[in-house]
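Student: Below are the sequence and a predicted model; questions follow.
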Amino acid sequence: PAWLRRLCGHLLSERLLRPGGVQAVVRGVLEGTDGEVSAAVVGGAGAEAAALDWRKCDAVGKILAACPQQCLSLEDYYRQVCPQILDLLHIQDKVAARQFQRVATTTLLSMAREQPQLAERHLLQPLLAPLRRCSEA
């Protein structure tokens, strides 16, 4: 029902805009994927499990790229969420890092397609800043 979609959207938006909210949402959605993938690989369905894992990460990335209706502005959403998306690239756990990097990559690409100027300002410039500093030195 429409009321449930609105309520879920509102709750998701609230969580994403909190500090650490993006990582919490991604962890929640992907929870259990590691075990499912491992079991599928052992069972001989490794390619299918990997494809399912990629589709799941891709879907989460697309959700993150969409600005919620409750947000005051697209600029505010990008300002609050993009640093959290970049943090997904620095996860230390090797198994989780692969999934988080997939989500971050999909999100970055979706945001760059949908809002190139905002993505450049809030994602690409911070991502490339260390490289720029090294090349200037």
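Tutor: The structure has been received and is ready for your questions.

Student: in this structure, which spans are helices?
Tutor: 2-16, 21-30, 33-42, 46-65, 74-87, 94-114, 116-119, 125-136 (DSSP state H).

Student: could you give the angle of the second one to helix 94-114?
Tutor: Compare the direction of helix 21-30 with that of helix 94-114 by axes from the mean of the first three to the mean of the last three C-alpha atoms, to 10 degrees and you get 110 degrees.

Student: so where is the protein shaky, pLDDT-wise?
Tutor: Counting by pLDDT under 70, the ranges of the chain that qualify are 32-52, 137.

Student: ok, how many other residues are close to the nearest residue to Glu75 once chain neighbours are set aside?
Tutor: Closest residue to Glu75 apart from its sequence neighbours, by C-beta to C-beta, 6 or more residues apart in numbering: Leu118 at 6.6 Å. Heads up, the C-betas are built off the backbone N, CA and C, glycines and all. Neighbour count for Leu118, taken as other C-beta atoms under 10 Å: 18.

Student: try Met111
Tutor: Around Met111 there are 27 residues (other C-beta under 10 Å).

Student: Likewise for Glu75?
Tutor: As a burial measure, Glu75 scores 15 neighbours (other C-beta under 10 Å).

Student: change the start of the numbering to 529 and stick with it
Tutor: Taking 529 as the first residue, the last one we looked at is Glu603.
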